[in-house]
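Novice: sharing a model prediction with you, sequence too.
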Amino acid sequence: MVGEGETGNRERAVWGESALGFYSRSRAALGKEPTAVEDVAMALAACEVGGRFDDSVFDGRCGVLEDREVAEEVIGDLLANVFHAADGAVVPELLLNAVTGPEHRSESARAEAWRRLGRARPFGEFLAAVRLALVTVHDLDADGMLEWAAQVFREEAEEERFALVAEWRGR
């Protein structure tokens, strides 16, 4: 079980949903397919909304747009939260396959990866926009950050699930 002061998987999922929701609403309000510049701006605004949940890092000194280290830490954590939000809708591997390294694959392989996302496509769209933002604004290893976030999600999810089973067995 989650101890006092610790963040649980449900709470992380809510934070990931908050950022995803902000991005999705911004995209819908735009009323058209966003340009790369618009997509980056919407993704970073959503990351700032989601990053505000981490008061220890995001303390008002600057926004994610301004500081590379803050961007890496806040957005890295936020990406893990998005994987928590996607839990049960799509496995991390499908999201990573659709979003990471698309320029190195054929058009048909990219289309198939996106088709497989199905109803989880909004998660992919958000992660792809964040990936573009990380690369263009701060020249960060976006694919590495996405893979790290998926691994963090896996570890956090397994740790909490293990604790629940251990508590149940201890009764």
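Specialist: Structure received. All of these numbers come straight from a predicted model, not from anything done at the bench.

Novice: all helices for this protein, in order.
Specialist: Applying DSSP state H to the chain gives helices spanning 9-30, 36-51, 68-86, 92-99, 107-117, 121-138, 142-169.

Novice: how about the ones you listed in JSON lines, adding mean neighbour count?
Specialist: All C-beta atoms are positioned from the backbone trio N, CA, C, and that covers glycine. Formatted as JSON lines, the helices of the chain follow (neighbours: other CB atoms under 10 Å):
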{"stretch": "helix 9-30", "mean neighbour count": "18"}
{"stretch": "helix 36-51", "mean neighbour count": "21"}
{"stretch": "helix 68-86", "mean neighbour count": "23"}
{"stretch": "helix 92-99", "mean neighbour count": "20"}
{"stretch": "helix 107-117", "mean neighbour count": "14"}
{"stretch": "helix 121-138", "mean neighbour count": "21"}
{"stretch": "helix 142-169", "mean neighbour count": "15"}
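
Novice: would a markdown table of those helices with mean pLDDT be doable?
Specialist: Below are those laid out as a markdown table (pLDDT from 0 to 100):
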| stretch | mean pLDDT |
| --- | --- |
| helix 9-30 | 94 |
| helix 36-51 | 90 |
| helix 68-86 | 90 |
| helix 92-99 | 94 |
| helix 107-117 | 91 |
| helix 121-138 | 94 |
| helix 142-169 | 90 |
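
Novice: and the residue nearest the centre of the chain, how far from Ala128?
Specialist: Residue closest to the mean C-alpha point of the chain, counted by CA atoms, centre = their mean, is Leu79 at 2.7 Å. Separation of Leu79 from Ala128 (CB to CB, to the nearest Å): 12 Å.

Novice: find the residues that touch each one of those two.
Specialist: By CB atoms under 8 Å, 6 or more residues apart in numbering, Leu79 and Ala128 have no common neighbours.

Novice: ok so, going back, my guess is the residue nearest to the centre of the chain contacts Leu127. True?
Specialist: Yes - using CB atoms under 8 Å as the test, Leu79 is close enough to Leu127 to be in contact (7.2 Å).
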